[in-house]
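**Student:** A predicted structure for the sequence below; I have some questions about it.
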Number of protein chains: 2
Amino acid sequence: MNSGVAADRITLRELEISLARALKEITTTMFNCDSEIISAEKVEAVPPGLSAIVGFGGRISGYIAIHFPPKSACRLASSLLGMSFDEMDDIVADAMGEMVNMLAGGVKKFASCDEDLFKISVPSIVYGTDYYTRAPKNSERLLIGVQTEFGSFSVQLVFAAH
Amino acid sequence: MNSGVAADRITLRELEISLARALKEITTTMFNCDSEIISAEKVEAVPPGLSAIVGFGGRISGYIAIHFPPKSACRLASSLLGMSFDEMDDIVADAMGEMVNMLAGGVKKFASCDEDLFKISVPSIVYGTDYYTRAPKNSERLLIGVQTEFGSFSVQLVFAAH
């Protein structure tokens, strides 16, 4: 079965399927662990926490943001880098930036047919104890939760079709 | 004079020139005011404040972030929307998202030659009283300040050549 779809009719549902496949691939290859899609409401609210954001533009444009509670960001970075983190810092931020970058690449791979659906930006990372994130009011969006042995996080996909 | 340059040899300096031209155009057309490039150190540090971020990907990838002190974000949004804002909220956030979107479009216009240098993402906006923003450690970056009659803000351009 080929889940790739023509860009002129891609839907949020199709992106969601690609996102779930990419998440499964990344937790397996980057963290060597299983993952389960859960309700985003079951993930501890961020902030305080860390948000890793990667934009994309092309046939569709938007961004993918992963929102991590502090403990999840630290434990995932610890797993990835083989060193222990108790607090969010720039090293943890870079590791989570790499994770969202891989995730966006995975979504692109699973959602694109023959042609690139979009090009991916460099990730930006935000962390702190008091911040809000906001998507443009007219964009389509989805929000899912993910549970792993290293903690839970939520993944937001925002896009505007052209 | 054509400041467009071939993508395979674009430099941070050339992007900076395009950014300055785009900033001049946007302050004139969106806010009907003059603007002056100043040292980023002269801009009140953010946070507390609002950061509007738009990613881009293609021949080069990266992102542009505008970091606004709260008062500048409110005054610029007031000027744009013709209504008064005393505090940052989602309406102010959307207005500043539109501004960074226009800015990225302007940089693309001035920096691209015949071919699109990059595609632009949907903007993401962050605001709050305690947050850090972080660019990946291996990216090239520049940071400038901008002074307008509605307040000052800083503009960060981060990119990785492929």
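**Tutor:** Arrived safely, thanks for sending.

**Student:** next one: the residue in chain A positioned nearest to chain B from A:Pro123, what distance?
**Tutor:** Relative to chain B, the nearest point of chain A is A:Gly55 (2.2 Å; C-beta to the nearest C-beta). In this view, the C-beta of every residue, glycine as well, is placed from N, C-alpha and C. Separation of A:Gly55 from A:Pro123 (C-beta to C-beta, to the nearest Å) stands at 9 Å.

**Student:** next secondary structure after the strand or helix carrying A:Ser79?
**Tutor:** Using DSSP states H and E, A:Ser79 sits within helix A:70-81. Past helix A:70-81, further along toward the C-terminus, the next helix or strand under DSSP H and E is helix A:90-111.

**Student:** what helices or strands is that following helix leaning on?
**Tutor:** Packing partners of helix A:90-111 (3 or more C-beta pairs under 8 Å, 6 or more residues apart in numbering or on different chains; DSSP states H and E): helix A:12-31, strand A:49-58, strand A:60-68, helix A:70-81, strand A:118-120, strand A:124-134, strand B:124-134.

**Student:** so which of those is the most surrounded?
**Tutor:** Mean neighbour count (mean count of other C-beta atoms under 10 Å in any protein chain shown) peaks for strand A:49-58 among the helices and strands packed on helix A:90-111, with a mean of 28.

**Student:** now that strand against strand A:60-68, angle please.
**Tutor:** Between strand A:49-58 and strand A:60-68, the angle comes out at 170 degrees (axes from the mean of the first three to the mean of the last three C-alpha atoms, to 10 degrees).

**Student:** neighbouring strands - and their directions - for strand A:49-58?
**Tutor:** Next to strand A:49-58 in the sheet, as set by DSSP bridges, lie strand A:60-68 (antiparallel), strand A:118-120 (antiparallel), strand A:124-134 (antiparallel).

**Student:** would TSV of the ones you listed with distance to A:Val46 and mean pLDDT be doable?
**Tutor:** Converted to TSV, those look like this (distance: least, C-beta to C-beta, whole Å; pLDDT from 0 to 100):
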stretch	distance to A:Val46	mean pLDDT
strand A:60-68	4	97
strand A:118-120	22	95
strand A:124-134	9	96
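
**Student:** so who does the residue positioned nearest the centre of chain A touch?
**Tutor:** Of all residues in chain A, the one closest to the mean position by C-alpha atoms, centre = their mean is A:Ile66, 4.1 Å from it. By C-beta atoms under 8 Å, 6 or more residues apart in numbering or on different chains, the contact list for A:Ile66 reads A:Ser51, A:Ala52, A:Met96, A:Met99, A:Val100, A:Leu103, A:Phe153, A:Ser154, A:Val155, A:Gln156.

**Student:** what residues are bridge-paired with it?
**Tutor:** Under the criterion used here (DSSP bridges), A:Ile66 is bridged to A:Ala52, A:Val155.

**Student:** distance of it relative to A:Thr129?
**Tutor:** A:Ile66 sits 18 Å away from A:Thr129, taking C-beta to C-beta as the criterion.
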